[in-house]
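> Task: produce atomic coordinates for the following.
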Amino acid sequence: MTNQNKCENKEKNISQIIEELKTFEDLEMTVMVSDDGGETLKPIKLLGKEFDKDNKPYCTLFI
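Residues are numbered from 1 along each chain as shown. Below you'll find the model as predicted:
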């Protein structure tokens, strides 16, 4: 598990994520994702733009 505080159970938009990432000193580090509280981590390989059933765009992180 990571040393991070418990994740907020709140969705974030792209601009919020970018602002958080800018707070890191090393902007060249790998970005990892987890869906189990940090027990397992996978690096992001690609970002994609998809559309839901109402044709509303959203961002997809491919791991």
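
> which regions of the protein sit below the pLDDT cut-off?
1-9 (pLDDT under 70).

> Show me the helices in it, by range?
Remark: helices assigned in the chain by DSSP state H are 14-21.

> spatially speaking, which residue is in the middle of it?
V33 (6.0 Å; C-alpha atoms, centre = their mean).

> Ramachandran angles for the residue lying farthest from the centre of the chain?
The centre of the chain is farthest from one residue, D54, which by C-alpha atoms, centre = their mean lies 23.2 Å away. Main-chain dihedrals, D54, degrees, to the nearest 10: phi -100, psi 10.

> how about it, what does it touch?
With contacts taken as C-beta atoms under 8 Å, 6 or more residues apart in numbering, D54 has no neighbouring residues. The C-beta positions use only the backbone N, C-alpha and C, and glycine is treated the same way.

> ok, now how distant is it from S15?
21 Å (C-beta to C-beta, to the nearest Å).

> What is the burial count for G38?
14 (other C-beta atoms under 10 Å).

> do C59 as well
Count around C59 with other C-beta under 10 Å applied: 11.

> cool, and E11?
6.

> All the strands of the protein, residue numbers only.
All strands of the chain, identified by DSSP state E, fall at 32-33, 42-43, 46-51, 57-62.

> relative to strand 57-62, how tilted is the third one?
Going by axes from the mean of the first three to the mean of the last three C-alpha atoms, to 10 degrees, strand 46-51 is angled at 150 degrees with respect to strand 57-62.

> Nice, that's everything, thank you.
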